[in-house]
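**Q** model this:
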Amino acid sequence: MSKQTRWTLKSIAKELGVSNATVSNAFNRPDQLSAKRRDDILAACKTLGYYGPNKAAQSLRNGTFNIVALVLPDSVEYMVSDPVASSFMRGVTSVLEKNGINVLLFSGNSDTLNNIVDFVDGFICYGRPRNNALVEQLKTVSKHVVTIDFDIARNASVNINNEQASYEIAKHVLHNQNDKVAILGLRLLDENVLCRVYEHHEFETGQSISHQRLRGYQRALSEANITVADDRIWNIPESSERFANIAAKEVLSASPRPNVIICMSDLIALATMREAIKQGIKIGKELRIVGFDGIDEAARFVPRLTTIHQNSQEKGVIAAELFISKEEKTQEVSYELEIGASS
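**A** Numbers count the residues shown, from 1 in each chain. Below is the predicted model of the structure:
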């Protein structure tokens, strides 16, 4: 037998003195050959370094790749370290893997979908990507799309009612119009900096998860006749301990110090509680703090954090099931206000 660096189905069949169909059947339709015939062909192919018909070429021919692009709102490095995003991804992969479908993680910071659109069966988009160009492409791409926590008026989406949930938790933590309130927001601005959100910032309340939550807070504040000063809303660029610690120190050193801090994630709220404890501030009495997400650490923390619990893993399961079924509908997932001692 001769050796060559790159075999094709046609060349390997010629080398073995059999038909193309016989080689194809050995790899793809074993019931068409006797067990001995198939074993002999596979053994000969292995010796020559041929491991079957080109799967990529097959996929291009039939248009099915068994790959879903999971489009993340931010960088892959950041998202895989986030407990909420990780829980969502577990839900997605638990369904897709059982159905023989692979997942490609795709950064929301990327410039275009063009590099992958021809090699995936569609997109599951977890939150609105930072790059608006991706959102515009998702609106028109010919492949199936499932969006989570935002809507592009096509295909399928999975959501919780972020605005209503945020309204409910803010309404819970606000006691009277004398409350001095600060909001630790998450990605309210396109700027990748930790800063206060002043009127001069280019700021438009859009459809991102953070903007939905801010609208809920603002509705509750308006009903309570509470005005939040311009310098009492912070933009935190990512839900991480590093940025949350800096924001916590700033907000707790503000004068007058807030007695209510509304946080857009549990990670931010927990960092603020840890800093308050260091400073000897009595949480639940001198300072009321609430979060959002319902991560495991929030339930274990002392005092327990008041938060909105959303089942991110369930959202991932539903998103994957919608993708597989190709149903074009919006599905709302329930949430729960979990009251702890922090409020």
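**Q** quick one: the strands in the stretch 51-200 of the chain?
**A** For the stretch 51-200 of the chain, the strands defined by DSSP state E, counting those that start in this stretch cover 67-71, 102-106, 122-126, 144-148, 156-159, 181-186, 195-196.
**Q** Of all the ones you listed, which one is nearest A244?
**A** strand 181-186 (7.6 Å; C-beta to C-beta). Quick note: C-beta positions are derived from backbone N, CA and C, even for glycine.
**Q** any chance of the strands of the stretch 51-200 of the chain in TSV, plus mean pLDDT?
**A** Below are those laid out as TSV (pLDDT from 0 to 100):
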stretch	mean pLDDT
strand 67-71	95
strand 102-106	95
strand 122-126	95
strand 144-148	94
strand 156-159	93
strand 181-186	96
strand 195-196	91
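**Q** quick one: the helices in the protein?
**A** Secondary structure of the chain, counting by DSSP state H: helices at 9-16, 20-28, 35-48, 55-62, 76-79, 83-98, 132-140, 162-173, 209-223, 241-253, 266-278, 296-300, 312-325.
**Q** Between the strands of the stretch 51-200 of the chain, which one is closest to D293.
**A** Closest among the strands of the stretch 51-200 of the chain, using C-beta to C-beta: strand 181-186, at 10.4 Å.
**Q** nearest to E338, of the strands of the stretch 51-200 of the chain?
**A** With C-beta to C-beta as the yardstick, what comes closest out of the strands of the stretch 51-200 of the chain is strand 181-186 (18.7 Å).
**Q** Low-confidence ranges, the stretch 151-300 of the chain, go.
**A** 199-206 (pLDDT under 70).
**Q** how does it look with 90?
**A** 151-155, 187-193, 197-209, 211, 229-231, 238-242 (pLDDT under 90).
**Q** just to revisit the earlier point, need the strands of the stretch 51-200 of the chain in CSV with mean neighbour count, can you?
**A** Converted to CSV, these look like this (neighbours: other C-beta atoms under 10 Å):
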stretch, mean neighbour count
strand 67-71, 23
strand 102-106, 16
strand 122-126, 25
strand 144-148, 25
strand 156-159, 22
strand 181-186, 25
strand 195-196, 17
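**Q** Next, format those strands as CSV and append distance to Y217.
**A** Formatted as CSV, these follow (distance: least, C-beta to C-beta, whole Å):
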stretch, distance to Y217
strand 67-71, 27
strand 102-106, 31
strand 122-126, 23
strand 144-148, 21
strand 156-159, 18
strand 181-186, 6
strand 195-196, 16
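**Q** what are the bridge partners for the residue minimising distance to the centre of the chain, then?
**A** Nearest to the geometric centre of the chain sits Y126, at 3.7 Å (C-alpha atoms, centre = their mean). On the basis of DSSP bridges, Y126 takes part in beta bridges with I148.
**Q** got a list of what it touches?
**A** 70-73, 79, 85, 88-89, 148-149, 319 (C-beta atoms under 8 Å, 6 or more residues apart in numbering).
**Q** from these, which single one is nearest H175?
**A** Scanning these for proximity to H175, where the rule is C-beta to C-beta, the winner is D149, at 29.7 Å.
**Q** circling back: can you tell me which of the helices of the chain is nearest to T112?
**A** helix 132-140 (6.7 Å).
**Q** hmm, who's touching the closest one?
**A** 71, 108, 110-113, 123, 125, 128-129, 145, 147, 152-154.
**Q** By neighbour count, which bits of that helix are buried? Give me those.
**A** Across helix 132-140, burial judged by 16 or more other C-beta atoms under 10 Å covers 134-135, 137-138.
**Q** I'd like to check the angle between it and strand 144-148, please.
**A** 130 degrees (axes from the mean of the first three to the mean of the last three C-alpha atoms, to 10 degrees).
**Q** mind checking how far helix 132-140 is from the chain centre?
**A** 17 Å (C-alpha atoms, centre = their mean, to the nearest Å).
**Q** Hey, what's the angle from it to strand 67-71? Just curious.
**A** Using the same axes, to 10 degrees: helix 132-140 against strand 67-71 is 140 degrees.
**Q** re earlier: show me the two of the contacts of helix 132-140 that sit farthest apart.
**A** Farthest-apart pair in those is D111 and A153; separation 23.3 Å (C-beta to C-beta).
**Q** More neighbours: the two, which one.
**A** Shown here are D111 and A153; by other C-beta atoms under 10 Å, D111 has more neighbours (10 against 7).
**Q** Provide a list of residues in contact with the more buried one.
**A** 131, 133.
**Q** how far away is it from A133?
**A** 7 Å (C-beta to C-beta, to the nearest Å).
**Q** Same question for K10.
**A** 42 Å.
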